[in-house]
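**Q** Build me a model:
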Amino acid sequence: MISDNKQNILIAGVTGNIGSYLYKNFESTDNIFLIGRSQKNMKNYSQIDFDNDKQIYSFFKTSVKFDALIFLIGLA
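**A** Numbering: from 1, shown residues only. Sure, this is the predicted structure:
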């Protein structure tokens, strides 16, 4: 359930060092949503093909509105 007094934060690249650190620190105080390239079994995680514009558009069109985006995805 999404609480009204918490911010909706999207972390892109949560499986890296910085992303996993931020996730651990924000998860108890905010509503955290996660996206990444690979399949992971994490709460509020969505696998996204960042080369597929339609998939990216669909994700943002159907998701909640985010208060912040932390973009930590590098080139592979």
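
**Q** Against which helices or strands is the worst-scoring helix or strand of the chain on mean pLDDT packed?
**A** Within the chain, no helix or strand scores below helix 17-26, which has a mean of 88 by mean pLDDT, DSSP states H and E. Applying 3 or more CB pairs under 8 Å, 6 or more residues apart in numbering; DSSP states H and E, one finds that helix 17-26 contacts strand 8-12, strand 31-36. (Glycine included, C-beta is placed from N, CA and C.)

**Q** To residue 18, which of the ones you listed lies closest?
**A** Residue 18 lies closest to strand 8-12 among these, at 9.3 Å (CB to CB).

**Q** quick one: the least confident helix or strand of the chain to strand 8-12, angle?
**A** Angle, helix 17-26 to strand 8-12, by axes from the mean of the first three to the mean of the last three CA atoms, to 10 degrees: 160 degrees.

**Q** Next, the angle strand 31-36 makes with helix 17-26.
**A** Using the same axes, to 10 degrees: helix 17-26 against strand 31-36 is 160 degrees.
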